[in-house]
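S.K.: I'd like to go over a predicted model; first the sequence, then the structure.
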Amino acid sequence: MLKNKITLITGASAGIGEACAHAFAREGSHLILAARRLEKVEALAKQLIAEYGIKTHALKLDVRDREAVNATVEGLPKEWSKIDILINNAGLSRGMDKIQEAHHLDWDEMIDTNVKGLLWVSRAVMPGLVARDHGHVINIGSIAGRQVYTGGNVYCATKYAVRAITQGMRIDLVGTRVRCSSVDPGMVESEFSEVRFRGDLEKAEPVYKNFPPLQPVDIAETVLFCATRPPHVNIQDVLVMPQDQAAVYASYPRGLE
Ligand code: NDP
Ligand code: 8X3
């Protein structure tokens, strides 16, 4: 079903985006791999070509830069220009400070990446999907877009926004054959916490010690499921949690066995 399709993945240099790249490559999709760390997406691109025989196009892209996003999408080589699937995955969290104590630049970074970045990429790619009357936008939301937790404030707000934007996209796409899904994970072991705590491993590593967290591949398989339903089926949203995490405040501290 994905053979020879073109999938654009933002934030493909690590974690969930990188795992999506493997899952989609395995199914024969050609991949546009975008992130700020070009060396990482280039290395991944080479690996996927060797492993799966697909075509790849690696891009250095900061989703916060609207002009760069537009120029990149408009400037895609002809053979890459007809995108079938967009996975809006690029995202991050910064800090867990109280609103009365947090730094405004952390808020800018989260809002600019998770909300505005997702919008810039969608705005650039969706007209092509609509014109071709075919395609799929898959947004990576979060449990943080459904429940607010201590210190989550602005990060949660960005993921609530992603949830609203996804619902709005679906409404705006009614009458087209373009599908729109969101996949909302609970805790996933990736670079996420290291980025949130700016490389402070003493804070980042314990996040994944209370119970077995999800792995990026778990989310990639869910994204793949959404993308491989028959054309008349749209998986609107999926919430995927670790087995020991029923809700942000209801988890079982099993530890890692
Ligand atoms: P990682 O930190 O492992 O990966 C984040 C990816 O986003 C990286 O590839 C990074 O690439 C990219 N990225 C960040 N900022 C930008 C930017 N400005 N422009 C382009 N790419 C960017 O985290 P995850 O894989 O866990 O996160 C992926 C998504 O999943 C995010 O949207 C996150 O909010 C969401 N999520 C994560 C959960 C978790 O517990 N880990 C749970 C629920 C949702 P680079 O730095 O090279 O630009
Ligand atoms: C990331 C999941 O619970 O750490 O979106 O906010 S959580």
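M.R.: Yep, that arrived. Ligands and ions are numbered 1, 2, ... in the order given.
S.K.: find the nearest non-adjacent residue to residue 188, please.
M.R.: residue 214 (4.5 Å; Cβ to Cβ, 6 or more residues apart in numbering). Heads up, the C-betas are built off the backbone N, CA and C, glycines and all.
S.K.: got phi/psi on that neighbour?
M.R.: Listed backbone geometry of residue 214 is phi -70, psi 160, with angles given as degrees, to the nearest 10.
S.K.: what about it, neighbour count?
M.R.: The tally of other residues near residue 214 (other Cβ atoms under 10 Å) stands at 21.
S.K.: contact residues of this protein facing ligand 2?
M.R.: Counting by Cβ under 6 Å from any ligand atom, the positions of the chain adjacent to ligand 2 are 142-144, 152, 187, 248.
S.K.: any idea which of those is least confident?
M.R.: Within the residues of the chain next to ligand 2, pLDDT reaches its minimum at residue 248, with 91.
S.K.: got the contact list for the residue lying closest to that one once chain neighbours are set aside?
M.R.: Taking Cβ to Cβ, 6+ apart, and ignoring the residues beside it in sequence, residue 248 has residue 149 as its nearest neighbour in space, at 4.3 Å. By Cβ atoms under 8 Å, 6 or more residues apart in numbering, the residues touching residue 149 are 156, 248-249.
S.K.: how much space between the residue nearest to residue 188 and residue 46?
M.R.: Taking Cβ to Cβ, to the nearest Å as the criterion, residue 214 is separated from residue 46 by 27 Å.
S.K.: residues contacting the residue of the stretch 101-250 of the chain found nearest ligand 2?
M.R.: Here the residue of the stretch 101-250 of the chain nearest ligand 2 is residue 142; by Cβ to the nearest ligand atom that distance is 3.2 Å. Residues touching residue 142, when contacts are defined by Cβ under 8 Å, 6+ apart, comprise 159, 162, 184-186.
S.K.: now tabulate the residues of the chain next to ligand 2 in CSV and tack on secondary structure.
M.R.: Formatted as CSV, the entries for these read as follows, by DSSP: H, G, I helix; E, B strand; the rest coil:
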residue, secondary structure
142, coil
143, helix
144, helix
152, coil
187, coil
248, coil
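S.K.: which two of those residues have the greatest separation?
M.R.: Within the residues of the chain next to ligand 2, two members stand farthest from each other by Cβ to Cβ: 152 and 187, at 12.2 Å.
S.K.: C-alpha coordinates for stretch 175-189, CSV please?
M.R.: Output in CSV follows, covering the C-alpha atoms of stretch 175-189 (Å, rounded to 0.1, in the frame of the first residue of the first chain):
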residue,chain,number,x,y,z
GLY,A,175,-15.0,16.8,0.6
THR,A,176,-11.5,15.9,-0.3
ARG,A,177,-9.9,12.5,-0.3
VAL,A,178,-7.1,13.7,2.0
ARG,A,179,-7.1,12.0,5.4
CYS,A,180,-6.0,13.5,8.7
SER,A,181,-5.1,11.6,11.8
SER,A,182,-3.4,12.2,15.1
VAL,A,183,-1.3,9.8,17.1
ASP,A,184,-1.1,10.8,20.8
PRO,A,185,1.6,8.9,22.8
GLY,A,186,2.2,8.7,26.5
MET,A,187,5.7,8.5,27.7
VAL,A,188,8.2,7.4,25.0
GLU,A,189,11.9,6.8,25.6
